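Engineer: prediction below, plus the sequence it came from.
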Amino acid sequence: MHRLAISQITTAPLTLGEDLALCQRLGCGLEIAEKKLSRDPGQARDQLAMIKDSGVPITSIQPRTLTLFPSASAKEPAEPQARLELLAASVELFAPYWPGLALLSNTGADPEGNEAKVWDGCLEHYASLARHAASHGMRIALEALGPSLMNRNSILFSFSQAQEMVRAVDHPHLGLCLDLYNSWQDPALLSSISADQLFIVQVADWRRPRSLHDRRALGDGELALAPLLGSLANAGYDGDYVLEIFSEGVADSLWRDKPTLMAAVERSAEIFNTLAWSIDS
């Protein structure tokens, strides 16, 4: 049975304790967002111990610094080497608690649109990061973003481009995150889906967004989830799925209060579990 996890990106309005209680109630895993942890190292370790002790399965990690090059949401530090060091520190933070898990990453972008510079830099730095992750028993999952974020947060706007970069780096501890919200409209997606080096899959529903952060609960949009889940299953993917919803800058934000958010998560979990059961059976 495919398992759904809830990203702490989705649960931004909830406390850590509420995150864990929600996952326990729904039988879901959790994707940790480092930005939801304290910046105090001792307090962060206490929080990680609390998560570990809860027994909630952890599927993946979103580090505080996601990109190797600057992004629209995180422009500093500007130098890729400094960002690489921050990503390496995140690997070291989580490794004692969940060895083997993947930290997600995006490429970032060059403010002048120099995609070649970012591509070449990523090949070098992801190779270094993959070796560092391997030395700590961890993995890195590279994610392509949607076309609207091209040269803002990433130079990769299709799953096949992320696959190309992973193949070029050629390290077993660098793999892929497939975000179906970002990729589902790519006409070549179904033909490019492969379980090879696919570490994690993220889901949310899509309707024409009214802000950069306008993702919907499953069943509230146009994303054709059933055939995508079927294609992933046929390709041999048997890993976890993570519900990642951003919802701000819109009047009907799912983050407007805790009951609204929790209802959206519950609805998404019910739809996902129904589809996953039909595929698995």
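Structural biologist: Structure received.
Engineer: number of residues surrounding the nearest residue to Asn182 once chain neighbours are set aside?
Structural biologist: Closest residue to Asn182 in three dimensions, ignoring its sequence neighbours and counting by Cβ to Cβ, 6 or more residues apart in numbering: Gly146, at 4.1 Å. Bear in mind the C-beta positions are built from the backbone N, C-alpha and C, glycine included. Burial measure for Gly146: 20 neighbouring residues, criterion other Cβ atoms under 10 Å.
Engineer: and if you look at Pro41?
Structural biologist: Applying other Cβ under 10 Å, I find that Pro41 has 10 neighbouring residues.
Engineer: ok, back up a step: can you pull the contacts of the residue nearest to Asn182?
Structural biologist: Under the criterion of Cβ atoms under 8 Å, 6 or more residues apart in numbering, the contact partners of Gly146 comprise Phe157, Tyr181, Asn182, Ser183.
Engineer: residues in contact with the first one?
Structural biologist: With contacts defined as Cβ under 8 Å, 6+ apart, Phe157 is in contact with Ala144, Leu145, Gly146, Pro147, Leu149, Met150.
Engineer: and it, how close does it get to Asp179?
Structural biologist: According to Cβ to Cβ, to the nearest Å, Phe157 and Asp179 sit 11 Å apart.
Engineer: related to what we said a few turns ago, identify, from the contacts of Gly146, the entry nearest to Asp19.
Structural biologist: Minimum distance to Asp19 across those is 20.5 Å, recorded for Tyr181 (Cβ to Cβ).
Engineer: now the closest one: closest residue in space, sequence neighbours ignored.
Structural biologist: Closest residue to Tyr181 apart from its sequence neighbours, by Cβ to Cβ, 6+ apart: Ala204 at 4.4 Å.
Engineer: any idea how far that neighbour lies from Ala141?
Structural biologist: Between Ala204 and Ala141 the distance, using Cβ to Cβ, works out to 17 Å.
Engineer: before we move on, back to that, quick check, pLDDT for the residue nearest to Tyr181.
Structural biologist: Per-residue confidence at Ala204 stands at 98 (pLDDT).
Engineer: SS state for Ala5?
Structural biologist: Using DSSP: H, G, I helix; E, B strand; the rest coil as the criterion, the local structure at Ala5 reads strand.
Engineer: so, low pLDDT: which residues of this structure?
Structural biologist: Within the chain, the ranges that satisfy pLDDT under 70 run 1, 281.
Engineer: which SS class is Ile61?
Structural biologist: strand.
Engineer: make 13 the starting number, not 1.
Structural biologist: Okay, residue one is now 13; in that scheme the one you just asked about reads as Ile73.
Engineer: so it touches Lys47, yeah?
Structural biologist: No - look at Ile73 against Lys47 with Cβ atoms under 8 Å: they stay out of range, at 11.1 Å.
Engineer: the two: who's more crowded?
Structural biologist: Regarding Ile73 and Lys47, a neighbour count based on other Cβ under 10 Å identifies Ile73 as having more, with 25 against 15.
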